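# return a 3D structure for these sequence lines:
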Amino acid sequence: MTVLSYYCHRLRVEAEGLRVASLLGTGAPNQDLAGGDCVSAIAVQNVSKVWADSTAVDDISFTAPAGEFTILLGPSGCGKSTTLRLIAGLESLTFGRIVIGERDVSALPPARRDLSMVFQSYALFPHLSVAENILFGLKVRRVERAERDARLMRTAELLGLTALLERRPSQLSGGQQQRVALGRAIIAEKPVCLMDEPLSNLDAKLRHEMRVEIRELQHKLGITMVYVTHDQAEAMSMADRVILLRDGRIEQDAPPEEIYQRPATAFAARFIGTPPMNIVRLDERAEGAVIRGSDGPALLPPSGCAISLGVRPEDISLGESGGVPATVHAVEYLGADSIVDCDLGEERIAVRAQGKVAIAAGARVGLTWPTDALHFFETESGRRRDDLAQEVPAKLVAR
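This next block holds a predicted model:
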């Protein structure tokens, strides 16, 4: 490492440290959160963040209930991290207000918002030990030595770090470094904890392990947690409530099972699920709506507007005949299941089947699905249309 790159690295570390210090503050410590006495809800009310030439967050409102795990989910650039930073006070509001507990914190600095935060980069000081990194905030706040030591032992035991307290960050694995960053947030015993994509730097196995650990930790402490991610697996497996963002606006605010089962828009339908929901356009004809470019059959009576049909790959059954005729384009074997891509007119539909499927490309098949597995959306707006599901011919949805 050259002298210049060394100092650039140290400057980045110090900048992260300043962000951490701004959140840790100098207020008096709270009582133990495990008892559930200090839990706060978060209310984001008509919040906007406008830069010089763009709007990062556009008039959003939601509530993160006290003691629950709320996840801000969405693609890159949707405004989820900006929203988290607005809650933390690391960015100033353009419009709106933020209430934590019963306090309007919109104009308060980070140190006075009574919260902790875990950053994507961990923000660990390389020259400090694990114990010193975890205790950093308490020292800034001038908490007494006996209290610091007691909290350190509780936190280290909770996170499995007791044997690592004397090590430096460079001597830790990625998962261990993430636990240290969590420890620094937990030891503050704040009623609210914010997490900005904390698992994005870990491999798939460690991400799974840390998902389980973070969720268990939130349950044990009973704190209000707001967590940012672009990973739908994290959102579906960890959240009590998911707030799906797109282009700075809220696309859907609901429990994960509701977003999966009743997506409010075509975007929400495609964003949740692996493989994503099939969304195919329907053509209006005299006899009804058919899949675009196909010869039928009609799936709906004429509706007078452009409609798209949504159905999840796992809800479709393959047969030799009946249902909607299709041609197999390709089969992808994944071990536990197979993904069968089928062509219907100008559209392609993915089918998820169990195990290995003995179907060759070019084979003719019939696709069927249950009535409650169908979703209809206005093609132009993407808005869900539940009223249309009642008009599907029964012969096309029999198993």
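# could I get the contacting residues of the residue lying farthest from the centre of the chain?
Residue farthest from the centre of the chain, counting by CA atoms, centre = their mean, is Ala286 at 42.9 Å. Ala286 makes contact with Pro302, according to CB atoms under 8 Å, 6 or more residues apart in numbering. All C-beta atoms are positioned from the backbone trio N, CA, C, and that covers glycine.
# next one: the one 3 residues further on
Applying CB under 8 Å, 6+ apart, one finds that Ala289 lies in contact with Leu282, Asp283, Ala298, Leu299, Leu300, Pro301, Pro302, Ser303, Ile307.
# can I take it that it is in a strand?
Yes - counting by DSSP: H, G, I helix; E, B strand; the rest coil, Ala289 is located in a strand.
# how near is it to Ala361?
With distances taken as CB to CB, to the nearest Å, Ala289 is found 28 Å from Ala361.
# coming back round to it: state the distance from the residue farthest from the centre of the chain to Asp295.
14 Å.
# tell me the domain ranges of the protein?
19-261, 276-396 (automatic domain parsing).
# chain center to the longest one: distance?
Distance of domain 19-261 from its chain centroid, counting by CA atoms, centre = their mean, to the nearest Å, is 13 Å.
# for it, the averaged confidence score.
Averaging pLDDT along domain 19-261 gives 89.
# ranges for the helices of the stretch 251-399 of the chain?
256-261, 266-271 (DSSP state H, counting those that start in this stretch).
# buried deepest among these, which one?
Among these, ranked by average contacts under mean count of other CB atoms under 10 Å, first place goes to helix 266-271 (a mean of 22).
# okay, how far is it across stretch 381-390, tip to tip?
Start-to-end span of stretch 381-390 (CA to CA, to the nearest Å) is 21 Å.
# okay, buried residues for that stretch please.
Using 16 or more other CB atoms under 10 Å as the test for burial, stretch 381-390 gives Gly382, Arg384, Arg385, Leu388, Ala389.
# that older thread, JSON lines for the contacts of Ala289, including pLDDT and distance to Ile98?
Below are the contacts of Ala289 laid out as JSON lines (pLDDT from 0 to 100; distance: CB to CB, whole Å):
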{"residue": "Leu282", "pLDDT": "93", "distance to Ile98": "43"}
{"residue": "Asp283", "pLDDT": "91", "distance to Ile98": "47"}
{"residue": "Ala298", "pLDDT": "83", "distance to Ile98": "50"}
{"residue": "Leu299", "pLDDT": "84", "distance to Ile98": "46"}
{"residue": "Leu300", "pLDDT": "85", "distance to Ile98": "44"}
{"residue": "Pro301", "pLDDT": "84", "distance to Ile98": "48"}
{"residue": "Pro302", "pLDDT": "81", "distance to Ile98": "48"}
{"residue": "Ser303", "pLDDT": "75", "distance to Ile98": "42"}
{"residue": "Ile307", "pLDDT": "92", "distance to Ile98": "39"}
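# now the host helix or strand of Leu206: buried residues?
Per DSSP states H and E: Leu206 is located in helix 204-221. Buried residues in helix 204-221, counted by 16+ other CB under 10 Å: Leu206, Arg207, Met210, Arg211, Glu213, Ile214, Arg215, Leu217, Gln218, Leu221.
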